[in-house]
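S.K.: 3D model of this:
(2 chains)
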Amino acid sequence: DTEVTQTPKHLVMGMTNKKSLKCEQHMGHRAMYWYKQKAKKPPELMFVYSYEKLSINESVPSRFSPECPNSSLLNLHLHALQPEDSALYLCASSQAGGFTGELFFGEGSRLTVL
Amino acid sequence: GQQVMQIPQYQHVQEGEDFTTYCNSSTTLSNIQWYKQRPGGHPVFLIQLVKSGEVKKQKRLTFQFGEAKKNSSLHITATQTTDVGTYFCAGSRTSGTYKYIFGTGTRLKVLA
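M.R.: Next comes the predicted model:
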């Protein structure tokens, strides 16, 4: 079992829909990440929040909008996505500051854009 | 930008044989992590290497960090069917950064 919980596990949306992915951890980690993973490819870093502030944005299109409401929650708001955005979206958390150490990944949200 | 390549891309081994995957970075790394992702699963942390030339062992797994801190390897002795999955290295250029770049991965299949 993972200590990072992601919902929903599966999501199908049309290109005009607005949806959100949610991630929650209760390990006291103050760094949280969104990664995107296409089939048979490595995870690609999208965003990092550190102490609830956006620390890294890897030039992600604005149709992806991250939000960190508090130290335990991380959201990814989706709007006007394209079919090529279909992928597994992985949330991860780690210690913040100094050595981040291990990334704890959730099981992911598998997104299909029609 | 920073690139992290792994070879081989795929490896099929007979159960009991050894397996090695190599990770090469285009830039010097501060530290490197290794993850295993089972089919249909999520990446799970295996180990972190920090020091130049560091070698760490976990049961049948041996991890090495190169002297120049630009490459790393994972060696599995006497593979088992439970070793099936994709092995990723993930490198960080700077200590204290959150930016871990994942390698291209090596997919391991173990034939019983």
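S.K.: contacts only, for B:Cys67.
M.R.: For residue B:67 the amino acid is Glu, not Cys. With contact set as C-beta atoms under 8 Å, 6 or more residues apart in numbering or on different chains, B:Glu67 has these partners: B:Ser52, B:Gly53. All C-beta atoms are positioned from the backbone trio N, CA, C, and that covers glycine.
S.K.: then B:Pro39?
M.R.: B:Pro39 makes contacts with B:Val84, B:Gly85, as judged by C-beta under 8 Å, 6+ apart.
S.K.: does the lowest-mean-pLDDT helix or strand in chain B reach chain A?
M.R.: In chain B, no helix or strand scores lower on mean pLDDT, DSSP states H and E than strand B:101-102, which sits at a mean of 93. Yes - using C-beta under 8 Å from any C-beta of the partner chain, we find that strand B:101-102 touches chain A at B:Ile101, B:Phe102.
S.K.: I'd like to know which elements the next helix or strand after that strand is packed against.
M.R.: Sequence order places strand B:106-111 as the next helix or strand after strand B:101-102, per DSSP states H and E. Packing partners of strand B:106-111 (3 or more C-beta pairs under 8 Å, 6 or more residues apart in numbering or on different chains; DSSP states H and E): strand B:10-14, strand B:19-25, strand B:85-92.
S.K.: go again using 6 Å as the cut-off
M.R.: strand B:10-14 (3 or more C-beta pairs under 6 Å, 6 or more residues apart in numbering or on different chains; DSSP states H and E).
S.K.: bridged to the closest residue to chain A within chain B, which residues?
M.R.: Here chain B gets closest to chain A at one residue, B:Phe102, 3.8 Å apart by C-beta to the nearest C-beta. With DSSP bridges as the criterion, B:Phe102 is bridged to B:Ala90.
S.K.: just checking, it touches A:Lys41?
M.R.: No - B:Phe102 lies out of contact with A:Lys41 (C-beta atoms under 6 Å); the separation is 9.0 Å.
S.K.: which one's more surrounded, these two?
M.R.: Neighbours were counted for B:Phe102 and for A:Lys41 using other C-beta atoms under 10 Å in any protein chain shown; B:Phe102 has more, 23 against 14.
S.K.: quick check: residues of chain A near chain B?
M.R.: A:Ala31, A:Pro42, A:Pro43, A:Val48, A:Ser55, A:Ile56, A:Gly98, A:Thr100, A:Glu102, A:Phe105, A:Glu107, A:Gly108 (C-beta under 6 Å from any C-beta of the partner chain).
S.K.: what do you get if the cut-off is 8 Å, keeping everything else the same?
M.R.: Residues of chain A lying near chain B (C-beta under 8 Å from any C-beta): A:2, A:31, A:33, A:40-45, A:48, A:50, A:55-56, A:90, A:94, A:96-108.
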